[in-house]
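**Q** using only what follows, build the 3D model:
(chains A and B)
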Protein chains: 2
Amino acid sequence: MVNTGDDFEHLGLLICPDIDTVTYTLSGVVETQQGWGRAGESWNVLDQVEKLGGETWFRLGDKDIALHLLRRSLLEKGLTLSEVTAQISQTMAIDPPIIPMSDNQVRTEVLVDEGVMPFQHYFVKQRCQPRISGIRYAGVEKAAAATGFVDALNDAELAGVIICPSNPFLSIDPILALPGISKLLRNMTVPVIAVSPIVGGEAIKGPTVKIMQELDMPVAQQAIADHYNGLISGLIIDRVDKETVSTLKKSVAVHVSETVMTTTEQKVSLANQCLAFIDQLEKCS
Amino acid sequence: MVNTGDDFEHLGLLICPDIDTVTYTLSGVVETQQGWGRAGESWNVLDQVEKLGGETWFRLGDKDIALHLLRRSLLEKGLTLSEVTAQISQTMAIDPPIIPMSDNQVRTEVLVDEGVMPFQHYFVKQRCQPRISGIRYAGVEKAAAATGFVDALNDAELAGVIICPSNPFLSIDPILALPGISKLLRNMTVPVIAVSPIVGGEAIKGPTVKIMQELDMPVAQQAIADHYNGLISGLIIDRVDKETVSTLKKSVAVHVSETVMTTTEQKVSLANQCLAFIDQLEKCS
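**A** I've put the predicted structure just below:
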């Protein structure tokens, strides 16, 4: 289930940064250094867009543009974003289902000194420099969680839910803000766990810590546990924060693991730790 | 004033083959051998579209796609096709105004044995092989001629109108079919001339002759004069057809010139011949 609050219209295309990063990662073509886009990209289209006076601050490589053209044409044929994403996944031989949180438009906007700023303008164009005083997910009240998403949460064989160590405010909260989703998670009969995005007071990636500070939150594991309070029964924190376990409130079970994922082995290992933690919570409940 | 009946939606883009060919030609970047698209193109996007299972029968190079993305994004900002075309022209330092015949959607369709076929499917995908029994311009009754087009025809300084040697059925008739345009041309107080697309019983380019045969028209200068009967006061035919001048009905003035344009000099020369012919018709009227 992937956040679509980061999506936006640009150069006449529907850009879905989170869906595409997951798609490119799972199909093994992601550019690993920058963590988005495709490896071995060329930039012929964007070079020409620049010559024609168009916007180039959002970097779209030629191969990436091919996928965006296909997405646009499939959407215009009447397919939902879920259907388009599934079709592209199939073409790229990706096994696990990648499901957009919603087939309706939700757009994350940040409140900064100058007013309301669309998310990608804040995130990419302004490189997260403006100070955030609030975040909103425009359209979320009227959006419906994707059918595939709700079906998965209601699946009789569901063993648990893992909230990944993404930015809670930018990548997780838009999903939780969808009508009915928080309630569904609160009423889950299987464990819901989160992997903390904070490691030793730092975020692995992106502006999580900066935003926590701007929103007057302590940059600590307890703040993450509080943020997901009532939704999760377990929190996985990194080894470097092992000492803090004893200081955390007992409202949530805590599991210590290596959470920094650089290699595939580390990714597989953390996934297995998550499954084991879910098993353990299930047995204790 | 450029035909837009050939336009179509493809890969999520609005393709405007005639506007773009004129744009690329006037800006000096056209691929001269094939006569469409840009010189020195690369095909990275389309190669990837193919790998993703998308349609590749309509060839769009990377630079060409850049222009299409700009067009799409400007249209989505609410600009008309006329405004978008003007903006792109300006960026490409093109002096003469390039004006789409209409800002509304008109789509040329050909009637073939299988039924109705969209124009580009006939023209590009099927390489003009199906036999045509009729042609229609879907939407033309409800379309309005572009403001810039009507303004140009009503311009007090207008010296004359030149109908270029394009395919009469595919490239000129959609323009003439726009509400009010034929009447405006019929009532012109300045000369309206056409350059014949037929040279020695052959068409310089494209399926003009094949279509004339399929529509049971004689492939002759008289047929072109008849086709534009009432609209034009003068017809320019090629030197090789000099002998036929005496056989043509006297309803239209005829001027003999070299009409095959390969070099820039030939293009400039024919343009000057057109202007001189208009001058001469004006003086005789």
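**Q** ok, now which ones touch residue A:279?
**A** residue A:159 (CB atoms under 8 Å, 6 or more residues apart in numbering or on different chains). Just so you know, the C-beta spots here come from the backbone N, C-alpha and C atoms, and that holds for glycine as well.
**Q** from residue A:27, how far out is it?
**A** 29 Å (CB to CB, to the nearest Å).
**Q** tally of neighbours for residue A:52?
**A** Neighbourhood size, residue A:52 [other CB atoms under 10 Å in any protein chain shown]: 17.
**Q** name the SS class of the closest residue to residue A:162 other than its chain neighbours, please.
**A** Using CB to CB, 6 or more residues apart in numbering or on different chains and skipping residues adjacent in sequence, the residue nearest residue A:162 is residue A:274, 5.0 Å away. Using DSSP: H, G, I helix; E, B strand; the rest coil, the structure places residue A:274 in helix.
**Q** let me see the confidence value for residue A:124.
**A** Predicted confidence (pLDDT) for residue A:124: 89.
**Q** which residue, other than its chain neighbours, is closest to it?
**A** Using CB to CB, 6+ apart, the closest residue to residue A:124 is residue A:58 (5.6 Å).
**Q** tell me which helix or strand the residue in the stretch 51-200 of chain A positioned nearest to chain B sits in.
**A** Distance from chain B to each residue of the stretch 51-200 of chain A (CB to the nearest CB) is smallest for residue A:72, at 2.8 Å. For residue A:72, the enclosing helix or strand under DSSP states H and E is helix A:62-76.
**Q** and that helix, which residues are buried?
**A** For helix A:62-76, a neighbour-count test (16 or more other CB atoms under 10 Å in any protein chain shown) marks A:62-74 as buried.
**Q** likewise for stretch A:78-91?
**A** A:79, A:80, A:81, A:82, A:84, A:85, A:86, A:87, A:88, A:89.
**Q** same thing with stretch A:235-247?
**A** Residues of stretch A:235-247 classed as buried by neighbour count (16+ other CB under 10 Å): A:235, A:236, A:237, A:238, A:241, A:244.
**Q** pLDDT check: weakest of these?
**A** For the buried residues of stretch A:235-247, the pLDDT minimum is residue A:244, 91.
**Q** confirm that residue sits in a strand?
**A** No: applying three-state DSSP, one finds residue A:244 to be helix, outside a strand.
**Q** coming back round to it: show the model's pLDDT score for the residue of the stretch 51-200 of chain A closest to chain B.
**A** 96.
**Q** on that earlier part again, now the two most distant members of the buried residues of stretch A:235-247.
**A** A:236 and A:244 (13.0 Å; CB to CB).
**Q** how close does the residue most central in space within chain A sit to residue A:51?
**A** By CA atoms, centre = their mean, chain A has its centre lying nearest to residue A:171, at 3.9 Å. Separation of residue A:171 from residue A:51 (CB to CB): 35 Å.
**Q** got it, and residue A:237?
**A** Distance from residue A:237 to residue A:51, by CB to CB: 49 Å.
**Q** and what of residue A:275?
**A** Distance from residue A:275 to residue A:51, by CB to CB: 51 Å.
**Q** what's the answer for residue A:255, then?
**A** 53 Å.
**Q** so between these two, which is more surrounded?
**A** Set side by side, residue A:255 and residue A:51 show more neighbours around residue A:255, with 18 against 14, by other CB under 10 Å.
**Q** ok, back up a step: right, and the residue nearest to the centre of chain A touches residue A:17 too?
**A** No: using CB atoms under 8 Å, residue A:171 makes no contact with residue A:17, being 9.9 Å away.
**Q** joint contacts of these two?
**A** Counting by CB under 8 Å, 6+ apart, the residues touching both residue A:171 and residue A:17 are residue A:6.
**Q** by mean pLDDT, point me to the weakest helix or strand of chain A.
**A** Lowest on mean pLDDT, DSSP states H and E among the helices and strands of chain A sits strand A:202-203, with a mean of 84.
**Q** ends of stretch A:181-192, how far apart?
**A** Stretch A:181-192 has an end-to-end distance of 13 Å (CA to CA, to the nearest Å).
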